[in-house]
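**Q** What follows is a protein structure lacking sequence information:
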C-alpha cells in the first residue's frame, strides 16, 4: 500500500506570494496532521484534522496559515503573503485512530524556501 | 508546560559499540510515547510506540523502554546503516510534542 505522499517536494517562492502544499494520506486514515520542521529541530505541530474538520488548529502561527480537508482525504496547507521565516520543511502525517494507537505515518515533506 | 528533551544531541559510535539515547518528558496525561528515525531529506519513519511505564519493545538492534519520566532507545551492536537522527515524541490529548532529536553516526 502507498504511504503518505506530499507535493511538491520542493517549492521556491518570493516573499509576499501565496503557496499551497498538498498531502495525500494513507487510504482509510481518518486523522491527518501538519507539522513544520526547521533545520536541527523536531517537527512542530500546526494542525490536526479528524475527518473533514480541523479538530485542533492551535499550532498555526498566525492567520496567514490555513488548511483544508474538504472530503476527508487529501489536505492542502495554504500560506498567504509568505515571509522568509516561513522557510522550512512542511510535513504531513496520517493515522488510523484506534483505542490504543494513534501512531502517525509521515510523508517525505515539502521543502519551502521563501526568497 | 509540556516538554520533551532528548540527549545527547549528537552521538558517534564505532560499529558494534552499543549505547543508549535518552528522551525525558514532562507532560500531563501521557497517551503514548513514540520513537522515529529520520534520514536526511526524508520524513520521520515510525519505530515504536510505548504506552505505559515498564513497557519495552524491540526491533532488530533497537530496544525502547519507558518509565514515568523518560524513555531510552538502546542500540545494540550498531551498524553504519543505523546512522540517522532519532526523534522522540509524546502524545497528550490530540497534541504531539517532538524533541529535537539525537543525531547518531556509526563509524565502520
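**A** Arrived safely, thanks for sending. Keep in mind the model is a prediction, meaning the values are calculated, not measured. Residues are numbered from 1 along each chain as shown, chains lettered A, B, ... in the order given.

**Q** can you pull the buried residues of the lowest-mean-pLDDT helix or strand in chain A?
**A** Of all the helices and strands that make up chain A, the one with the lowest confidence by mean pLDDT, DSSP states H and E is strand A:53-56; it has a mean of 86. By neighbour count on 16 or more other Cβ atoms under 10 Å in any protein chain shown, the buried set for strand A:53-56 is A:54, A:56. Every residue, glycine included, has its C-beta placed from N, CA and C.

**Q** right, and the helix or strand after it?
**A** strand A:65-68 (DSSP states H and E).

**Q** just checking, what packs against the helix or strand following that next one?
**A** Once strand A:65-68 ends, the next helix or strand along the chain (criterion: DSSP H and E) is strand A:75-79. Contacts defined by 3 or more Cβ pairs under 8 Å, 6 or more residues apart in numbering or on different chains; DSSP states H and E place strand A:75-79 against strand A:19-24, strand A:31-37, strand A:44-50, strand A:65-68, strand A:88-95.

**Q** returning to that earlier point: quick one: strands adjacent to the least confident helix or strand of chain A?
**A** Using DSSP bridges, the strands paired with strand A:53-56 are strand A:44-50 (antiparallel).

**Q** got the residues of chain A near chain B?
**A** A:4, A:33, A:35, A:40-45, A:48, A:55-56, A:58, A:91, A:93, A:100-109 (Cβ under 8 Å from any Cβ of the partner chain).

**Q** so residue B:71 is in which element?
**A** Secondary structure here is read from DSSP H and E; on that basis residue B:71 sits in strand B:70-75.

**Q** can you count the residues close to residue A:48?
**A** Other residues near residue A:48 number 24, with proximity taken as other Cβ atoms under 10 Å in any protein chain shown.
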